[in-house]
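Trainee: the sequence and its predicted three-dimensional model are supplied below.
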Amino acid sequence: MPKLTIDDTEIEVPAGITVLQACEMAGKEVPRFCYHERLSIAGNCRMCLVEMERAPKPIASCAMPVGDGMVIRTDTDTVKKARNGVMEFLLINHPLDCPICDQGGECDLQDQAMAYGIDHSRYQEHKRAVSDKYMGPLIETEMTRCIHCTRCVRFVTEIAGVPELGLLGRGENAEITTYLEKALDSELSANVIDLCPVGALTSKPYAFAARPWELKKTESVDVLDAVGSAIRVDARGAEVMRVLPRLHEDINEEWLSDKSRYACDGLRRQRLDRPYVRRDGALREASWAEAFAAIAARVKGLDGSRMAAITGDLCDAEAMVCLKDLMANLGSANIDCRQEGAKFDTATRSAYLLNSTIAGLEDADAVLLVGTNPRWEAPLVNTRLRKAWLRRDLKAGMIGLAQDLTYPCDILGAGPETLMDVAQGNHPFADILKAAERAAVIVGTAALARTDGAAVLAAARQAADSLGMIGEDWNGFNVLHQAAARVGGLDLGLVPGAVGLDVAGILKGAGDGSIEVVYLLGADEIDMTQLGEAFVIYQGHHGDAGAHRADVILPGAAYTEKNGTYVNTEGRVQLGRMATAPMGEAREDWTIIRALSDVLGAGIAVSSLGDVRRRLVAVNAHFDRVDEVVPAAWGDFGESGPMGTRTFVPPVANFYMTDAISRASETMAHCAQAFVVPKQQGTGTHG
């Protein structure tokens, strides 16, 4: 490890890092605009200049590797003069519009101009102006402010894998632009807003909406996919104004998908803010007492076998465990958390987890994708696979429909017969998996939701076993979920077991009359037409499909309006926190179920959030390990048997509208119109 001296202090640092990183390790602040820890080095802003002994002029510390015996100075008069000069050049063409700039209060240029700039300018010529660029419905451009740090260009090229941004022209005519003047087609596009150190790229839906100091900031987790990204919810009063990513190295690093960031405007549209009861064929407003009385009148005296419950994709674990206890107290085993009907084997936890972990996928050198499109199902998992391709030359093979994943991927076949060939070692890609040090298989839930899903699961396990994917420090078998509630529901045992009915059985029973009451806890993704004449209780926060079919509506709280526990696709227990109060008369979901249980004479033994969380731990001890990934024991799971010949089809047809919140979002509707519709029509993405 090289030793160098920084401002008269000797420090030993890892080999291969830059002088800028060494200065930070020594506790010295070095300003920068173009440098970013997760992007390649550009060295074009020159703000990070420092003096190096025996160098004829100041050096760019972000681009200089450390060397043994270096002597670096960060606070000399020469360094200060150089930084003043660089800042003066950066501000030559920058417009003086800070009071109306959305970046105001969060602007790196503002902060560094105060710390390292001077109080006057010697520039007398006219400032240049640059025309704004169209980058889609999410990114607002004010390109006159751009200082050409190229962070946005490097992000879309390296991380997002969509090289649609670049710097055209030279000198004063240089401009950052999309090459074909079209929308930036990436599920991660809005991260360039966070990266931009000035106000050149800002949030279009959030434009002129609020200032950062007006907002209450709450750290929480995202539930619009199963990744469980760390987020910060910024609210003003009762309204969520924006959602931003938080740093979490093991999950989302510091990125966030566009849906998770921008679907928040759906939180204030099509909301259920009071109870409703269906009278004379129409839903009428009601009090909580009237809603509970209507349920009690229909449920009391009914045998438990004629009642059923289905939980949705956005449910918190607290509500699910309370609903499970309620149904048990009513004598019903007909409960299921798998809206899509996936054939998971809940006896073995490793059968339904992303066992390699999200961060661990970066270490994979070969991966088999079965019936999944990670770019749309989990964009931040896809970035890990892309990183593995960039760093380790990941060999990827896909069974299913061809997809653009932003990295090379061989299409091995379309259906289960190819999976069986690979599992039995009869396919050329099996040799690649067998020769890899860390091979992985990733199975999409759509592949398990088929009638032959249990056999598909068994074939994928066979591939993991026979091709050397399971070792002492590596488990390459993975299931990629899309629903934030799914792993938590499986951990809590919200499956029918031997005597109950699953989702398909519940729908069939509702259709033929053997199931008379169906409780939908935020379940909107099932076919409501199959519910027949059943009495439907819908508890949720949006007027989506379930509410339209309901006979009684109980208004619940959205994920930003309650303290809830979720489990992500890798089995990590996470805590979501309340950022705003529930809307209108809505209540937190577990409290609704608790109150209803008393009315039905099936009281559950909890009276506080602490009681519910102790109940979670009692049902499954994993809930006591917050923000930890506990490796699951490997076992024999799935049911070997014949598989069909149908093609594996990924479950997500429209990335921007996958749940009740995103379907209510105006911003997501604009994104679908800009990105999804043109692809379906076979046309481009234009402004």
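Mentor: Happy to help now that I have it.

Trainee: can you report how many residues neighbour the residue lying closest to residue 64 once chain neighbours are set aside?
Mentor: Take residue 64 and drop its neighbours on the chain: the residue closest to it by Cβ to Cβ, 6 or more residues apart in numbering is residue 19, 4.6 Å away. (C-beta placed from N, C-alpha, C; glycine too.) Residue 19: 26 surrounding residues under other Cβ atoms under 10 Å.

Trainee: how close does residue 19 sit to residue 525?
Mentor: Per Cβ to Cβ, to the nearest Å, residue 19 is found 53 Å from residue 525.

Trainee: so who does the residue lying closest to residue 35 once chain neighbours are set aside touch?
Mentor: Counting by Cβ to Cβ, 6+ apart, the nearest residue to residue 35 once its immediate chain neighbours are dropped is residue 62, at 3.9 Å. Counting by Cβ atoms under 8 Å, 6 or more residues apart in numbering, residue 62 touches 18, 19, 20, 32, 34, 35, 41, 43, 48.

Trainee: what sits against residue 107?
Mentor: Contacts of residue 107 (Cβ under 8 Å, 6+ apart): 98, 101, 197, 198, 199.

Trainee: where do the helices sit along the stretch 451-600 of the chain?
Mentor: With DSSP state H, counting those that start in this stretch as the definition, the stretch 451-600 of the chain shows helices at residue ranges 453-466, 486-491, 503-512, 545-549, 589-599.

Trainee: may I see the buried residues of the fourth one?
Mentor: By neighbour count, and taking 16 or more other Cβ atoms under 10 Å as the criterion, the buried residues in helix 545-549 are 545, 546, 547, 549.

Trainee: let me see the residues that make contact with that helix.
Mentor: By Cβ under 8 Å, 6+ apart, helix 545-549 touches 272, 276, 312, 520, 522-526, 528, 531, 536, 538, 540, 553.

Trainee: average model confidence for that helix?
Mentor: Average pLDDT, helix 545-549: 97.

Trainee: tell me which stretches of the stretch 51-200 of the chain form helices.
Mentor: 77-90, 108-116, 151-154, 191-195.

Trainee: show me what the shortest one is packed against.
Mentor: Counting contacts by 3 or more Cβ pairs under 8 Å, 6 or more residues apart in numbering; DSSP states H and E, the secondary-structure elements packed against helix 151-154 are strand 165-168, helix 191-195.

Trainee: highest mean neighbour count out of these?
Mentor: Stretch with highest mean neighbour count among the helices and strands packed on helix 151-154: helix 191-195 (a mean of 21; mean count of other Cβ atoms under 10 Å).

Trainee: report how many residues lie close to residue 41.
Mentor: Residue 41, neighbours per other Cβ under 10 Å, totals 16.

Trainee: setting aside sequence neighbours, what's the nearest residue to it?
Mentor: Using Cβ to Cβ, 6+ apart, the closest residue to residue 41 is residue 63 (5.3 Å).

Trainee: contact partners for that neighbour?
Mentor: Contacts here follow Cβ under 8 Å, 6+ apart; on that basis residue 63 touches 18, 41, 43.

Trainee: distance of the second one from residue 151?
Mentor: Yep, that's residue 41 we're talking about. Per Cβ to Cβ, residue 41 is found 12 Å from residue 151.

Trainee: same question, residue 341
Mentor: For residue 341 relative to residue 151 (Cβ to Cβ), the value is 44 Å.

Trainee: mind checking which of those two has more residues around it?
Mentor: residue 151 (24 against 17).

Trainee: residue 39 is in contact with the more buried one, correct?
Mentor: Yes: Residue 151 is in contact with residue 39 according to Cβ atoms under 8 Å; the separation is 6.3 Å.

Trainee: joint contacts of the two?
Mentor: Here residue 151 and residue 39 share the contacting residues residue 195, scored by Cβ under 8 Å, 6+ apart.

Trainee: what are the bridge partners for residue 564, then?
Mentor: Under DSSP bridges, the beta-bridge partners of residue 564 are residue 576.
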